[in-house]
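1. The following block contains a protein sequence and its predicted model.
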Amino acid sequence: MSIQAQFTFMGTGGSMGTPVIGCHCAICHSLNPLDQRMRPSGLIQVTDKNFVIDVGPDFRMQALRLGIEKIDGVLISHAHSDHIAGLDDLRAYYFLHKSKTPCLLSELTFKELKQRYPYLFQPTNNEKSVTAQLDFCVLPQEFGSIFFQGIQWVFFSYLHAEIQVTGFRIGNFAYVSDIRYYSNQVIDMLIGVETLAISVHKKEATEVHFGIEEAMEFSTFIRTKKTYFTHLSHDFEHGKIKLPFGFELAYDGMVIFFTIPKKDLHDN
Ligand SMILES: [Zn+2]
Ligand SMILES: [Zn+2]
């Protein structure tokens, strides 16, 4: 028995977004709305719950565009600005609901957030708080699975240059952002994933990101049915790039579907 869930690409751009400020390339001048990309983030909707993966600098516009009025949990891949710079805007949800937003992240990301946003870690039970209120749930190790907000999440770690990043799997879907180097353990934990969202920053690999070739190889190891590329720089123009069957460039607002076995859901 399994239930249907959906994933919406809230942003499919790289750290600079597309268009890039001051860039005069053809893609940054493209009139195709699919080539306008906000910073990388995604919305998972399962039963009546909303989960956001990464809260980047465009979060406010993304939340307005998608009409996200409640968030049941936030998952953070790592503490680079393009993935966390919108955290302050989560305060809107505290004002709306007067409850803290649960936030799942690795120990390393937790430590980095503490340095960057010390005021988010001040204890408060004050309803008049003017900052975001997060309820941090720190992952106990680098690989494993955990029930978070009533849903089973598989988590795994890999490297973005020397920085450790966390990827997440839910049912037969996985979101793997900012990946460059990984161990076989990552592949083992993703066997059975049919739909994959994975970062590809430029066509060729860089020191910190996969290129198309590495992402296709990774997907082939997992034997995914459908792979969507996200975190795209202005290297990519929709309709101008030929990808093999089963691979696609994602775009902002794109919705895809996946399933979660019933056993991965807790009622409470
Ligand atoms: Zn990034
Ligand atoms: Zn450009």
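-> On my side now, so go ahead. Ligands and ions are numbered 1, 2, ... in the order given.
2. Only C-alpha atoms from now on, for both contacts and neighbour counts.
-> Noted.
3. For the residue of the stretch 101-250 of the chain found nearest ligand 2, list the residues it contacts.
-> In the stretch 101-250 of the chain, the residue that lies nearest ligand 2 is residue 234 (5.0 Å; Cα to the ion). For residue 234, the set of contacting residues under the criterion of Cα atoms under 8 Å, 6 or more residues apart in numbering consists of 18-20, 27-28, 202.
4. filter those residues down to the ones near ligand 2?
-> With Cα under 5 Å from the ion as the criterion, the members of the contacts of residue 234 in contact with ligand 2 are residue 28.
5. Of the contacts of residue 234, which is the nearest to ligand 2?
-> Out of the contacts of residue 234, the one with the shortest distance to ligand 2 is residue 28. That distance is 4.2 Å, counting by Cα to the ion.
6. all strands for the stretch 1-150 of the chain, in order.
-> Ranges of strands within the stretch 1-150 of the chain are 2-11, 41-46, 49-53, 73-75, 101-105, 134-138, 144-148, based on DSSP state E, counting those that start in this stretch.
7. what does this protein have sitting close to ligand 2?
-> Proximity of the chain to ligand 2 (Cα under 5 Å from the ion) is limited to residues 23, 25, 28.
8. Just want the most central residue of the chain.
-> residue 53 (3.8 Å; Cα atoms, centre = their mean).
9. From ligand 2, how far off is that residue?
-> With distances taken as Cα to the ion, to the nearest Å, residue 53 is found 26 Å from ligand 2.
10. Ok, residue 82 next?
-> Taking Cα to the ion as the measure, residue 82 falls 18 Å from ligand 2.
11. With residue 50 instead?
-> The spacing between residue 50 and ligand 2, counted by Cα to the ion, is 33 Å.
12. tally of neighbours for that residue?
-> Residue neighbour count, defined by other Cα atoms under 10 Å, stands at 18 for residue 50.
13. what's the answer for residue 27, then?
-> Here the number of neighbours of residue 27 (other Cα under 10 Å) works out to 20.
14. Please verify my assumption that it contacts residue 238.
-> No. Using Cα atoms under 8 Å, residue 27 is not in contact with residue 238; the gap is 9.2 Å.
15. Quick check: neighbours shared by these two?
-> Jointly contacting residue 27 and residue 238 under the rule Cα under 8 Å, 6+ apart are residue 35.
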